[in-house]
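> Sequence plus predicted model, see below.
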Amino acid sequence: MAVTRLLARPLLASFFVINGVNSVRHAREIAPQAAPVTDAIAPLAHRAAPQAPLPQDPAAWVRTNGILQVLAGLALAIGKFPRMAAAVLLATLVPSTAARYRFWEAADTHERSELQNHFLKNAALAGGLMIAAGDTEGNPGLAWRARRAAKDARREAGHLARSAKREAKLVKAELT
């Protein structure tokens, strides 16, 4: 593993582990901020997975989001399923950013500036997570492997077709 990955993954993950722990510990305090987002997400989640035991109140959603951030952050930090962990962290970052840093609603300029800085910090983290989610560590990704398999199958089909034609000509020559 490259030294940059060895250092970058834990550094990126550290924010999410700490943020997730804080979300779990202070879910009741964060819940009022999260309520507009959780109220919009909850019906969609229930429609997408009607049988799943999904949280009902905003505090439970905050706690669930925090637990996901801790677990995925730890997985990213130690390098276990890093692409999936980064994708999960990205999925948890979007609603939490929309819930906590609604700078466009702030009336006070200082508060707006603070919220906007946090919003942009989270946007930068999202960019890092996108890079981490797509990082194949130099190995071919699934899309490349699929294209390569299709190319190999076409080439093999061509070889088989040419071989079948040759065999057919030989059989025809023997029969005549």
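Noted; the coordinates are in hand. Only a predicted model underlies this, so the values are computations on that prediction, with no experimental measurement involved. Residues are numbered from 1 along each chain as shown.
> Find the helix or strand that the residue nearest to the spatial centre of the chain is a member of.
Centroid check for the chain by C-alpha atoms, centre = their mean gives Ala87 as the closest residue, at 1.3 Å. Assessed by DSSP states H and E, Ala87 sits inside helix 82-100.
> can you pull out the helices in the chain?
3-25, 27-48, 58-78, 82-100, 109-134, 142-175 (DSSP state H).
> C-alpha coordinates for the third one, PDB please?
To tie it back to what came earlier, the one meant is helix 58-78. Provided in PDB are the C-alpha atoms of helix 58-78 (Å, rounded to 0.1, in the frame of the first residue of the first chain):
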ATOM      1  CA  PRO A  58     -35.000  12.600  14.300                       C
ATOM      2  CA  ALA A  59     -32.900  11.600  17.300                       C
ATOM      3  CA  ALA A  60     -32.900   8.000  16.200                       C
ATOM      4  CA  TRP A  61     -31.900   9.000  12.700                       C
ATOM      5  CA  VAL A  62     -29.000  11.100  14.000                       C
ATOM      6  CA  ARG A  63     -27.900   8.200  16.200                       C
ATOM      7  CA  THR A  64     -28.100   5.800  13.300                       C
ATOM      8  CA  ASN A  65     -26.100   8.200  11.100                       C
ATOM      9  CA  GLY A  66     -23.500   8.500  13.800                       C
ATOM     10  CA  ILE A  67     -23.200   4.800  14.200                       C
ATOM     11  CA  LEU A  68     -22.700   4.400  10.500                       C
ATOM     12  CA  GLN A  69     -20.100   7.100  10.500                       C
ATOM     13  CA  VAL A  70     -18.200   5.500  13.300                       C
ATOM     14  CA  LEU A  71     -18.200   2.000  11.700                       C
ATOM     15  CA  ALA A  72     -17.500   3.100   8.200                       C
ATOM     16  CA  GLY A  73     -14.800   5.500   9.500                       C
ATOM     17  CA  LEU A  74     -13.100   2.800  11.400                       C
ATOM     18  CA  ALA A  75     -13.300   0.500   8.300                       C
ATOM     19  CA  LEU A  76     -11.700   3.200   6.100                       C
ATOM     20  CA  ALA A  77      -9.000   4.000   8.700                       C
ATOM     21  CA  ILE A  78      -7.800   0.400   8.900                       C
END
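> in terms of contact count, name the helices or strands touching that helix.
Applying 3 or more C-beta pairs under 8 Å, 6 or more residues apart in numbering; DSSP states H and E, we find helix 58-78 packed against helix 3-25, helix 27-48, helix 82-100. Backbone N, C-alpha and C define where each C-beta goes, glycine included.
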